[in-house]
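>>> got a predicted structure here, sequence first:
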Amino acid sequence: MRITADSDRCLGAGQCVLSAPDRFDQSDEGTVLVLDPRVDGDEDASRLRETVALCPSQAIALVAEEG
Amino acid sequence: MTETTTAPAGAPEVPEYPLPRSCPYHPPAGYDRYTAEGPVTRVRLYNGRQVWAVSGHAEARQVLLDAATYSSDRIHPHFPALAPRFESARKVRNFIGMDPPDHTVQRKMMLSTFTVKKVAQLRPGIQKLVDDLIDRIEERGPVADLVPDFALPVPSIVICELLGVPYDDHAFFEQQSRRVVTGSTTLEDSAAAFGELSRYLDGLIRRKQAEPGDGLLDTLIAEQVDTGALTRRDLVDIALLLLVAGHETTASAIALGVVTLLENPDQLAALRADASLLPTAVEELLRFMAIADGVARFATVDTELAGHRIRAGDGVVVVISTANRDERAFAGGDAFDVARGARNHISFGHGVHQCIGQNLARAEMEIALSTLFRRLPGIRLEVPSRRLPLKEAGGVQGVWELPVTW
Ligand code: HEM
Ligand code: SF4
């Protein structure tokens, strides 16, 4: 699994940065940047799922790795 | 207003929304009726219109996430007025009252000012301001009214500096903002206050066009008005939103935060014993106090919500104060627990309109509350909390006065 982000959808609330600062940052324009897309095991996945649920504009997601 | 949303005369009584609080930080006892009947129920507004009250957490999130079905268009006649002041707001057009894509175009113009990093850079300045205010409170002691002496000036000075509005004018715009956001304000009074604030901001923006400064308004003039993306009138309406939303809400949150912590001494002691709890304590205060009691929307199409048929044009009010206490989302939600660590409250809303100033509000609350309790360790209320004058229903919740000693 890995983290994806759609900066067009992002509305800069910063919930992701507060909830998982090791994975998310904001660009100078104020939209989401993924610092590290990796998901490290089940515990990390469950924490990141909470982060995804906090995003008010559904701009971030966890997706299954292709291939 | 549509005929379809008005109940026939003599229909069984439908509870009112909003109701005044009797305790400053608990939802009004009367809201128990809505939650007892389910997460989505009918309520009656001040003008007799019936709308859907969404008091469950999951249902509230569902509504707020779906801006296409549940519109924020405050100018539209279907948009429910929760208090008379919302009728005069129909003339003001800025992104809090617009739907995507127009909403999003405006909001994105100022995202860069409100990032977590930018707000972190403001912290030392906020700390200095808070320390100076407490110096003055100590000099004039041993009593103070923390609303005018502390809770109001902190966000007011911060938003002035951020926007580039002269703080010397604070008495004027604080008074006019109060007339705009107070639940009991009449239609005429709020319209007059909107007029005064608009004239003031129009004059300020004209002066800035001639002589630019370095605030957010100056940036927006250079990047958006000068390029034709916004008219001056658009910017006046946006400035009005930022100025009013930026200080009255946070001032209420700081003052009510002091009351809530003093009234829950075990929680205050826990916070004092472990300073690392500060961010979760502020998050819990936000959840528990629900300064914005509710937000309105209207349905743009026929839809379904928690088994109810919602018709196009129906008004909806998301009851933040009860959604934040929903047992399905927050176990023991009526208890104030600084170590709870839940971030999924909807005190800043949810969806595309979720508060743009939330991280600024968090920083101001963290610095103001931690510094106050550190510097005045013996602080206590001068009057019993039940005697504190509470803000009216239909506006930002909080206390009008906060007399303390130490
Ligand atoms: C504790 C303090 C605050 C609370 C409780 C609060 C609450 C809220 C809520 C509930 C909304 C959503 C309204 C809706 O969905 O219709 C909102 C939006 C907004 N708030 Fe705040 N707010 C606070 C502080 C601030 C500050 C400091 C600013 C500074 C600029 C601000 C500016 C705004 C703006 C511009 C919007 C509209 C966002 C949009 O429509 O995209 N607020 N706020
Ligand atoms: S939480 Fe969502 S909207 Fe907020 S900054 Fe992160 S991606 Fe953007």
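Nice, thanks for sending it over. Ligands and ions are numbered 1, 2, ... in the order given.

>>> drop to CA atoms for contacts and neighbour counts, all remaining ones
Fine.

>>> and stretch A:30-39, anywhere near ligand 2?
Yes - using C-alpha under 6 Å from any ligand atom, we find that stretch A:30-39 touches ligand 2 at A:31-32.

>>> and that stretch, does that touch ligand 1?
No - applying C-alpha under 6 Å from any ligand atom, one finds stretch A:30-39 separated from ligand 1 by no less than 13.6 Å.

>>> what of stretch B:46-65?
No - against ligand 1, stretch B:46-65 shows no contacts by C-alpha under 6 Å from any ligand atom, the least distance being 7.0 Å.

>>> buried stuff in that stretch?
B:49-57, B:59-65 (16 or more other C-alpha atoms under 10 Å in any protein chain shown).

>>> same thing with stretch B:158-176?
B:158-160, B:162-165, B:167, B:173-174, B:176.

>>> one more: stretch A:17-24?
Quick answer for stretch A:17-24 (16+ other C-alpha under 10 Å): A:17, A:19, A:23-24.

>>> how about it and chain B, any contact?
Yes - Stretch A:17-24 comes into contact with chain B (C-alpha under 8 Å from any C-alpha of the partner chain), by way of A:17-18.

>>> can you map out the helices along chain A?
A:15-19, A:41-54 (DSSP state H).

>>> top helix in chain B by residue count?
Under DSSP H, chain B gives helix B:232-263 as its longest helix.

>>> tell me the helix or strand right after that one.
helix B:265-273 (DSSP states H and E).

>>> could you report the neighbour count for whichever residue of the stretch 201-350 of chain B sits closest to ligand 2?
Closest to ligand 2 within the stretch 201-350 of chain B is B:H350: 10.0 Å, counting by C-alpha to the nearest ligand atom. A count of nearby residues for B:H350, using other C-alpha atoms under 10 Å in any protein chain shown, gives 23.

>>> one step back: is the longest helix of chain B positioned near chain A?
No - shown here: helix B:232-263 not in contact with chain A (C-alpha under 8 Å from any C-alpha), separated by at least 15.1 Å.

>>> show me how far that helix is from its chain's centre.
Here helix B:232-263 shows a centroid-to-chain-centroid distance of 6 Å under the convention C-alpha atoms, centre = their mean, to the nearest Å.

>>> in it, what's buried?
Buried-residue list, helix B:232-263, by 16+ other C-alpha under 10 Å: B:232-262.

>>> below-threshold pLDDT in the chain: ranges please.
Picking chain A for this. Where chain A drops to pLDDT under 70, the residues are A:66-67.

>>> oops, wrong one, chain B.
B:1-12.

>>> can we see that at 90?
B:1-13, B:33-37, B:84-92, B:141, B:174-175, B:177-193, B:246, B:394-395 (pLDDT under 90).

>>> can you pull out the strands in the stretch 101-250 of chain B?
Listed in chain order, the strands found in the stretch 101-250 of chain B under DSSP state E, counting those that start in this stretch are B:143-145.

>>> show me where it has its helices.
B:102-108, B:116-140, B:146, B:153-163, B:170-181, B:187-210, B:216-220, B:232-263 (DSSP state H, counting those that start in this stretch).

>>> ok, residues contacting the shortest one?
Among residues not part of helix B:146, those counted as contacts by C-alpha atoms under 8 Å, 6 or more residues apart in numbering or on different chains are B:255, B:401-404.

>>> could you do stretch B:252-267 as well?
By C-alpha under 8 Å, 6+ apart, the residues outside stretch B:252-267 that reach it are B:24-25, B:146-147, B:151-152, B:268, B:285-286, B:289, B:291, B:336-338, B:365, B:368-369, B:380-381, B:385, B:396-399, B:402.

>>> one more time with 7 Å, if that's ok
Residues outside stretch B:252-267 that contact it (C-alpha atoms under 7 Å, 6 or more residues apart in numbering or on different chains) are B:25, B:146-147, B:151, B:268, B:285, B:291, B:337-338, B:365, B:369, B:380, B:397-399.

>>> what is the nearest of those to B:L277?
B:V338 (7.0 Å; C-alpha to C-alpha).

>>> identify the residues contacting the closest one.
Shown in contact with B:V338 (C-alpha under 7 Å, 6+ apart): B:267, B:280-281, B:284.

>>> now, which of these sits nearest B:K128?
Of the contacts of B:V338, the one sitting nearest to B:K128 (C-alpha to C-alpha) turns out to be B:A281, at 21.9 Å.

>>> you'd agree the closest one is in a helix?
Yes - remark: B:A281 belongs to a helix, assigned using DSSP: H, G, I helix; E, B strand; the rest coil.

>>> now it: how far from ligand 1?
13 Å (C-alpha to the nearest ligand atom, to the nearest Å).

>>> which non-adjacent residue is nearest that residue?
B:V338 (4.2 Å; C-alpha to C-alpha, 6 or more residues apart in numbering or on different chains).

>>> phi, psi of the residue of chain A found nearest ligand 1?
Distance from ligand 1 to each residue of chain A (C-alpha to the nearest ligand atom) is smallest for A:L11, at 7.9 Å. Note on A:L11: its backbone torsions stand at phi -120, psi 20 [degrees, to the nearest 10].

>>> near chain A, which residues of the stretch 1-150 of chain B show up?
B:108, B:111-112, B:115-116 (C-alpha under 7 Å from any C-alpha of the partner chain).

>>> including distance to ligand 2, could the helices of the stretch 101-250 of chain B go into JSON lines?
Output for the helices of the stretch 101-250 of chain B, formatted as JSON lines (distance: least, C-alpha to the nearest ligand atom, whole Å):
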{"stretch": "helix B:102-108", "distance to ligand 2": "11"}
{"stretch": "helix B:116-140", "distance to ligand 2": "9"}
{"stretch": "helix B:146", "distance to ligand 2": "33"}
{"stretch": "helix B:153-163", "distance to ligand 2": "20"}
{"stretch": "helix B:170-181", "distance to ligand 2": "27"}
{"stretch": "helix B:187-210", "distance to ligand 2": "29"}
{"stretch": "helix B:216-220", "distance to ligand 2": "20"}
{"stretch": "helix B:232-263", "distance to ligand 2": "19"}
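
>>> so which of the ones you listed comes closest to B:A36?
Closest to B:A36 of the helices of the stretch 101-250 of chain B, according to C-alpha to C-alpha: helix B:232-263, at 25.9 Å.

>>> re earlier: for the residue of the stretch 201-350 of chain B closest to ligand 2, what are phi and psi?
The phi/psi pair for B:H350 (degrees, to the nearest 10) is phi -160, psi 170.

>>> which residues touch it?
Residues in contact with B:H350 (C-alpha under 7 Å, 6+ apart) are A:56, B:61, B:64-65.

>>> secondary structure added to those residues, as CSV?
Below are those laid out as CSV (three-state DSSP):
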residue, secondary structure
A:P56, coil
B:R61, helix
B:L64, helix
B:L65, helix
